[in-house]
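Undergrad: Return atomic coordinates for the entry below.
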Amino acid sequence: MFPYEKIRERIKIERKIEAEIFDKNVLLTLGYLMNKKFIDTVDFPVSKGKEAYVFRATAGSRGKELGYDYFAIKIYMIETSPFRHMYNYIHGDPRFKGVKKKKKDLVLAWTKKEFRNLTICHEAGVHVPKPIFFKNNVLVMEYIGRDGDPAPLLKDVGPSDPKKNFRQLVSDIKIMYKNNIVHADISEFNILVKNGTLFIIDIGQGVSRSHPKAEEFLARDINNVARYFKKYGLSIDEDELLDEIRS
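TA: Presented below is the predicted three-dimensional model:
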């Protein structure tokens with residue numbers, strides 16, 4: 001394992017961000033990934049939400065052998081994450097029975113949950129980043145971008161082909177539902193656009209269909225999708241759309 005100083009030399013992030021999120025356990029995890037040649041450097045933050053930072057990392061020799069130039073590394077914040085919000089999406093999910101209400105336990109469960117949800121969705125053919133690795137509060141995923149630049153959010157660039165993009169998104173939601181997953185937070189803020197294709201991200205809050213609020217969350221997702229694409233002239237009946245998803 002690399003010494004902490006060596007790891008820090010390969011994290012090209014301003015000190016303020018480093019101090020906020022790169023604690024001992026995160027550095028150890030990154031050191032492991034560097035030692036195994038999965039990543040070479042952590043380059044810059046791609047985004048920051050209430051729960052996590054996402055960084056671009058340059059692939060190491062082993063990562064390049066797997067066909068990647070870059071990875072997206074999502075690091076959940078343990079000290080400042082809104083853990084009460086997280087509990088609402090973990091409590092009631094039979095896959096995560098017994099998770100304690102302590103902040104650290106919830107964040108670690110959330111990281112595992114996002115990796116598991118991404119794995120199910122990716123293997124089913126849903127347009128999501130491919131999950132690569134997770135440990136503690138660190139999640140490594142396929143980097144959705146072009147020439148090293150991150151793909152933009154749908155909210156920032158809009159759909160290139162509203163009808164086609166809408167149908168692709170509905171198809172993905174339906175596949176997720178058939179594979180026992182409801183995203184529970186789909187909107188233009190959680191969708192990346194690359195070469196005219198929509199990629200669904202931030203799936204940590206995704207719940208199984210047996211969750212007591214799964215159908216409520218599905219209806220909310222459909223409402224968000226319908227509201228957004230109606231702005232581009234599409235006629236959408238939300239009840240019919242829900243029936244289509246559930247059929």
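Undergrad: Am I right that G60 is in contact with Y32?
TA: No: G60 lies out of contact with Y32 (CB atoms under 8 Å); the separation is 11.7 Å. Yep, even glycine has a C-beta here, placed from its N, CA and C like the rest.
Undergrad: F199: what's it in contact with?
TA: 127-129, 144, 151, 191-193 (CB atoms under 8 Å, 6 or more residues apart in numbering).
Undergrad: now, which of the residues you listed sits nearest D239?
TA: I191 (22.9 Å; CB to CB).
Undergrad: In terms of pLDDT, where does the nearest residue to that closest one once chain neighbours are set aside sit?
TA: Nearest residue to I191, sequence neighbours excluded (CB to CB, 6 or more residues apart in numbering): L154, at 4.1 Å. Note on L154: pLDDT of 98.
Undergrad: hang on, the earlier thing: look at G60 and Y32 and report which has more neighbours.
TA: Comparing G60 with Y32 by other CB atoms under 10 Å, the one with more neighbours is G60, at 20 against 17.
Undergrad: next helix or strand past the lowest-mean-pLDDT helix or strand in the chain?
TA: When each helix and strand of the chain is scored by mean pLDDT, DSSP states H and E, helix 83-90 comes last, with a mean of 73. Downstream of helix 83-90, the first helix or strand assigned by DSSP states H and E is helix 103-124.
Undergrad: so that next one versus helix 83-90, what angle?
TA: Counting by axes from the mean of the first three to the mean of the last three CA atoms, to 10 degrees, helix 103-124 points 40 degrees away from the direction of helix 83-90.
Undergrad: residues in contact with the most centrally placed residue in the chain?
TA: The residue lying closest to the centre of the chain (CA atoms, centre = their mean) is D202, at 3.2 Å. By CB under 8 Å, 6+ apart, D202 lies in contact with 49, 185, 190.
Undergrad: what about the longest strand anywhere in the chain, distance to the chain center?
TA: In the chain, assigned by DSSP state E, the strand with the most residues is strand 39-48. A distance of 15 Å separates the centroid of the chain from that of strand 39-48, by CA atoms, centre = their mean, to the nearest Å.
Undergrad: Which is the succeeding secondary structure element to it?
TA: Scanning forward in sequence from strand 39-48 by DSSP H and E, the next helix or strand is strand 52-59.
Undergrad: Distance from the chain centre to that next one, please.
TA: The answer for strand 52-59 is 12 Å, by CA atoms, centre = their mean.
Undergrad: Could you give the average pLDDT over it?
TA: Across strand 52-59, the average pLDDT comes to 96.
Undergrad: Starting from that strand, tell me which strands it pairs with and how they run.
TA: Applying DSSP bridges to the sheet, strand 52-59 is found paired with strand 39-48 (antiparallel), strand 70-76 (antiparallel).
Undergrad: Tell me which of these sits most buried.
TA: When you average the neighbours per residue for each of those (mean count of other CB atoms under 10 Å), strand 70-76 leads with a mean of 24.
Undergrad: average pLDDT across it?
TA: For strand 70-76, mean pLDDT rounds to 97.
Undergrad: Quickly list the domain ranges of the protein.
TA: When the chain is parsed with automatic domain parsing, its domains come out as 4-146, 151-246.
Undergrad: Report the separation between the two terminal residues of the longest one.
TA: Its start and end residues considered, domain 4-146 measures 31 Å (CA to CA, to the nearest Å).
Undergrad: for F44, what are its contacts?
TA: Residues in contact with F44 (CB under 8 Å, 6+ apart) are 12-13, 55-56.
Undergrad: pLDDT at it, what is it?
TA: If you check F44, the pLDDT there is 92.
Undergrad: Do a quick rundown of the helices in this protein.
TA: Applying DSSP state H to the chain gives helices spanning 4-9, 15-21, 24-35, 61-65, 83-90, 103-124, 154-157, 162-178, 214-230, 238-246.
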